[in-house]
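Student: Here is my input; please provide its structure:
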Amino acid sequence: MLKKGSKLNSILTGSCPKCQNESMYSDKNPLHLTKVLKMNENCSHCGLKYQIEPSFFYGAMYVSYGLNVAVGIAAFIVSFLFFGASIEQSFLTIVIALIVLFPFVLRLSRNLYINMFVSYDPNAGKK
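Tutor: You can find the predicted model right below:
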């Protein structure tokens, strides 16, 4: 399922969408909050420039919004319908889920966004 060449592999691992040989991020751990958005300029294997144009990743905010809405709805359904929590407790659950998952959603939105524009090339980086 996560074999090299699939979009899902690049999205979930944060690897270069063109060659999928290295991470786009200088620190692979999204829990290091001071470095969560720190990306390499280029892929050292294929040379892909991650910042395709100035302010490219501002578009990832829209993807992040959709992901956060999905997380909020999922947190509400789980807490309210499955655990029988009150409305107030359910909304507290939503806030906690969004805070805890913030760095993961942030990176996932960037990964999704760049994979919308860059496709895998098995010959990337080969000379």
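
Student: Please, where are all the helices along the protein?
Tutor: Using DSSP state H, the helices of the chain run over residues 7-13, 60-76, 87-117.

Student: List the residues that contact the one residue sitting closest to the centre of the chain.
Tutor: Computing the C-alpha centroid of the chain and ranking residues by Cα atoms, centre = their mean puts Leu108 first, at 0.9 Å. For Leu108, the contacting residues are 11, 67, taking Cβ atoms under 8 Å, 6 or more residues apart in numbering as the criterion. Backbone N, C-alpha and C define where each C-beta goes, glycine included.

Student: let's go with 6 Å and repeat that
Tutor: Shown here is Leu108, which makes no contacts under the criterion Cβ atoms under 6 Å, 6 or more residues apart in numbering.

Student: And it, how far from Leu67?
Tutor: 6 Å (Cβ to Cβ, to the nearest Å).

Student: What of Gly5?
Tutor: Using Cβ to Cβ, one gets 24 Å for the distance from Gly5 to Leu67.

Student: Which one of those two is surrounded by more residues?
Tutor: Neighbours per residue (other Cβ atoms under 10 Å) separate Gly5 from Leu67, with Leu67 holding more: 18 against 11.
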